[in-house]
Structure formats: structure tokens, C-alpha cells
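Trainee: Just to be clear, the model below is a prediction. Sequence and coordinates:
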Amino acid sequence: MDRALPASVTRKARAKRVAGIAAVILVLLFGTCALRSIITPTVDGSRISTSIAELGSVEATVSASGVVVPEFEQLITSPVSSTIEQVFIRPGDTVKTGEQILRLNKELLDISLKKLQDELEIQKNKKEQLTLKLERTEIELKSAYEIKDLQTKFVQSQYDRVKHLYDIGGATEEDLDRAALNVQIARSELQQLAKQIDNQQASLRADLKGLDLEISIQANRVGEVERQLQLAETRAGLDGVVTWVNDNIGQTVAPGDALARVADLGSFRIEARISDAHAAKLVVGGPVKVRIGNGDFRGHISSVQPSVQEGVISFLVQLDQKSDPALRPNLRTDVYVITSCRDSVVRVENGPFYTGTVDQEVFVVRGDHAVRRIVNIGASNFDWVEIDGDIVPGDEVIISDMRDYRHMDEVEIE
């Protein structure tokens with residue numbers, strides 16, 4: 001029958017096993033460190049991109065999206081309720097100022113115009129009659145006044161004769177008083193007639209002025225319908241390209257309904273959109289850079305929409321070069337709102353190495369090795385990144401993603 005081993009023997013055996021395992025672990029750790037000190041990690045030189053550090057300016061920007069639109073676009077609307085009768089120009093066709101795009105049915109407008117013109121002629125005829133009446137009345141009143149004036153003078157002469165007779169004793173005082181009364185009555189009647197003439201002339205002239213006003217109002221109505229008839233022909237108001245036209249023949253349109261759009265392709269602007277997180281950086285007049293293909297266009301913010309829709313703010317960009325051949329309607333663009341600019345700083349091209357943090361590791365090429373440097377990142381944009389640290393102009397900086405080697409002080413380049 002087997003006997004159990006003493007506890008001291010068991011403890012000694014366990015201690016030997018633990019010591020053996022610890023020795024193996026230590027050997028592995030020392031071996032790993034030795035291998036790491038002997039073997040330098042490598043990176044394929046053909047798979048990395050580099051940029052030569054240089055002195056220059058860096059504009060800090062925030063990115064937005066934009067679309068090229070014509071700076072001037074005419075929206076042609078229906079002047080009246082009507083129907084589309086004929087379309088002459090299709091979308092994409094060029095037009096000249098005054099060229100007809102489509103035509104509306106003008107039958108109701110023609111009837112309305114004829115009615116207004118007849119009413120205007122009636123009012124003009126009334127004016128002619130009133131003018132003749134005024135002239136006739138003035139002649140009649142003038143004749144009546146002249147007659148009354150002669151009568152007054154005759155009565156005055158009779159008074160003078162009676163006064164002379166009275167002075168020599170040939171007439172009584174009663175005769176003199178009667179003659180004086182006749183003079184007073186004649187003069188009063190003359191004054192009354194003069195006031196009547198003034199009042200009647202003023203009344204007729206007021207009637208004539210009121211009729212002139214009615215004629216002017218009626219003429220404006222006629223002119224408005226004539227203008228509507230011209231607008232019903234839907235002619236282009238500028239040289240350009242028809243971007244859209246309502247070509248549904250026979251469709252009824254109401255006043256204000258859109259009929260066509262004509263764009264001037266001689267100048268353009270940018271309609272841009274950006275996250276509302278950057279709302280405080282949108283300032284009217286602020287500088288903007290627009291990238292189209294490989295070219296950059298400078299401009300400024302001309303207006304900012306006050307409302308936010310689904311977390312996005314819209315704004316307009318006025319370009320310094322708004323008639324460049326590279327500009328095309330509805331062309332999508334990258335828009336960079338410039339928030340600040342730093343001059344005479346060390347910069348490298350932007351690339352995957354930039355993680356967006358302020359301090360980070362970069363690798364500088366030294367012969368066939370890349371050496372790690374800790375730098376501070378300043379201003380940045382789509383093209384350039386400002387680097388502040390142990391980097392000088394002329395250093396070749398790796399701008400590829402080197403995150404897998406950031407714990408290494410040095411990497412060999414194959």
C-alpha cells in the first residue's frame with residue numbers, strides 16, 4: 001500500500017516547477033528584447049509618399065460642398081390665366097434678347113383690351129364735349145359780363161347827369177338818391193356776375209380735371225393689358241440659354257405660374273452648403289476658395305441663409321473670376337471657407353499621416369531610414385499642414401499612414 005509523500009517534499013517539487021516556468025519566461029523575454037534590438041522593422045519605400053518641408057503660408061479652412069449656378073437667371077411667369085398654345089424653344093437652346101420662347105392663348109386678353117379701348121374712347125369723347133362746353137360757357141359769360149358792365153356804366157352816367165342837375169337846382173334830392181341807388185344796384189349785380197363766372201369756370205375745370213384723371217386711369221389699364229399681351233408671347237429678357245420650359249401644350253396656367261427659365265452663361269456663382277457646426281465661421285465678405293478640377297477660384301461669401309435645414313446652412317459665393325471657361329452650370333465643386341491664414345511657417349503636403357490631433361508622430365527620411373519625430377500641428381487645409389517641432393525646411397517627411405510604426409524610434413526603408 002502506497003504512502004502519501006510528506007508535505008515538505010510536495011512543496012519542494014512545486015517550487016521547482018514554478019522556478020522552471022519563470023526561467024523559461026525570462027529567457028523568452030530576454031530573447032525578444034535581443035531580437036528587437038538586433039532586427040530593425042522595415043517599410044516598403046514604393047508604398048510610401050513623402051513631402052519636402054518648406055516655408056510658406058497655410059490657410060486654415062473648413063470644407064463645404066457647392067454647385068456652380070448662373071449668376072443671372074430670368075424666371076418668366078404667366079401674366080394671366082391662360083393656356084399654353086405653342087412652344088418655340090427647347091431646354092438647352094440659346095436665345096437672344098426679345099426672342100420668343102412660347103406663346104399663350106391671348107383671346108381673352110384681346111377681348112379685354114378691345115373693351116378697355118372702347119371705354120377709353122368714350123371718356124376722351126366726354127372730355128372733348130366738356131371742353132367745348134367750357135369754351136362756350138366762357139364766351140357766353142364773358143358777353144353777359146360785358147353787357148352788365150355797359151349797363152353799369154350807363155347807370156353811372158345817369159347818376160352823374162342827375163348830380164349835375166341837382167347842383168344847379170334842376171333835380172330834386174329824391175332824384176339824386178334814386179340815381180345813386182341805381183348805380184349801387186348795377187355795381188352789385190356786376191360783382192355777383194363776376195363771381196358766378198369764376199365759380200362756373202372753376203366747376204367746369206374741376207369736372208375736366210376729374211375726367212382727365214379717369215382717362216389716365218383707363219389708359220393705364222389699357223397699357224397693362226397691352227403689356228400682358230406682350231408678356232403672353234414669353235420672350236427672353238436676356239441673351240442666354242433656356243434651362244427649362246413648360247412644354248405642356250394646352251395646359252392651363254394661372255398668373256405667376258413659371259413658364260420658362262433663361263440663364264446668362266457669361267457669369268457664374270456658387271451655391272454652397274455646410275454643416276451648421278461651422279455657422280459662426282460664415283461671415284459675409286469672408287474669403288473662400290473653390291476647387292474645380294485642378295484649378296482654384298478665389299471669391300467671398302456674398303450672403304448667408306438665416307435658416308438651418310436638417311443641420312445644413314446654405315450660402316452664396318461670389319467669384320473673382322466668374323466667367324472662366326472651366327465654370328459649367330450644375331457642376332459640383334469643393335468649397336473651402338478660409339478662417340485664418342498663417343505666413344512663413346514650416347509646412348508639408350496634407351496626407352494620411354495627419355490624424356487631426358494637435359501633437360502627433362511623424363517620420364523624417366534620413367538616408368535609408370525613417371526617424372520618428374514628435375511635432376505640433378498648426379493650421380491645416382486640404383493641401384497643406386503646418387508643422388511646428390523638430391522639422392526644418394528641406395526635411396523629407398513621410399505623409400503616408402505610419403500608425404503601425406509609431407512605437408518605433410526608427411524604421412528602415414527598403
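Mentor: Everything's here; your move.
Trainee: list the buried ones in the helix or strand harbouring Val411?
Mentor: Applying DSSP states H and E as the criterion places Val411 in strand 410-413. In terms of neighbour count (16 or more other Cβ atoms under 10 Å), strand 410-413 has its buried residues at 411, 413. Where you see a C-beta, it was placed from the backbone N, CA and C, and this is true even at glycine.
Trainee: Same question for stretch 131-151.
Mentor: Of the residues in stretch 131-151, 134, 141, 148 count as buried by neighbour count, 16+ other Cβ under 10 Å.
Trainee: Looking at the residues you listed, which is nearest Asp264?
Mentor: Nearest to Asp264, judged by Cβ to Cβ, of the buried residues of stretch 131-151 is Leu134 at 54.7 Å.
Trainee: Can you name the residues that contact the closest residue to that closest one other than its chain neighbours?
Mentor: With sequence-adjacent residues excluded and distances taken as Cβ to Cβ, 6 or more residues apart in numbering, Leu134 is closest to Leu204, at 4.4 Å. Going by Cβ atoms under 8 Å, 6 or more residues apart in numbering, Leu204 touches 130, 133-134, 137.
Trainee: Report the beta-bridge partner residues of Ser82.
Mentor: Beta bridges link Ser82 to Val253 when assigned by DSSP bridges.
Trainee: same thing with the one 5 residues further on?
Mentor: According to DSSP bridges, the residues that bridge with Val87 are Leu102.
Trainee: same deal with Gly66?
Mentor: Counting by DSSP bridges, Gly66 is bridged to Ala272, Thr333.
Trainee: repeat for Val288
Mentor: Here Val288, judged by DSSP bridges, has bridge partners Gly299, Val337.
Trainee: Arg261 too?
Mentor: Beta-bridge partners, per DSSP bridges, of Arg261: Leu75, Trp244.
Trainee: Just to check, it is in contact with Thr77?
Mentor: No - contact criterion Cβ atoms under 8 Å: Arg261 and Thr77 do not qualify, at 10.3 Å.
Trainee: who has more neighbours, the two?
Mentor: With neighbours defined as other Cβ atoms under 10 Å, Arg261 and Thr77 compare such that Arg261 has more, 19 against 14.
Trainee: residue contacts, that one?
Mentor: So Arg261 contacts 73-76, 242-245 (Cβ under 8 Å, 6+ apart).
Trainee: Low-confidence regions, the stretch 251-400 of the chain specifically.
Mentor: Low-confidence regions of the stretch 251-400 of the chain, defined here as pLDDT under 70, do not occur.
Trainee: Going along the chain, name the strands of it.
Mentor: 252-253, 258-275, 287-292, 295-304, 312-319, 332-349, 359-366, 369-380, 384-389, 396-398 (DSSP state E, counting those that start in this stretch).
Trainee: The second one: which residues count as buried?
Mentor: If you call a residue buried by 16+ other Cβ under 10 Å, then strand 258-275 has these buried ones: 259-263, 265, 268-270, 272, 274.
Trainee: on that earlier part again, mind putting the buried residues of stretch 131-151 into TSV with pLDDT and distance to Val308?
Mentor: Converted to TSV, the buried residues of stretch 131-151 look like this (pLDDT from 0 to 100; distance: Cβ to Cβ, whole Å):
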residue	pLDDT	distance to Val308
Leu134	77	68
Leu141	77	76
Lys148	78	85
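Trainee: and these, which of them are in helices?
Mentor: Those of the buried residues of stretch 131-151 mapping onto helices are 134, 141, 148, per DSSP state H.
Trainee: I'd like to know how far the second one sits from Ala194.
Mentor: I take that to be Leu141. Distance, Leu141 to Ala194, using Cβ to Cβ, to the nearest Å: 9 Å.
Trainee: Just the buried subset of the contacts of Arg261, please.
Mentor: Applying 16+ other Cβ under 10 Å to the contacts of Arg261, the neighbour count classes 73-74, 76, 242-245 as buried.
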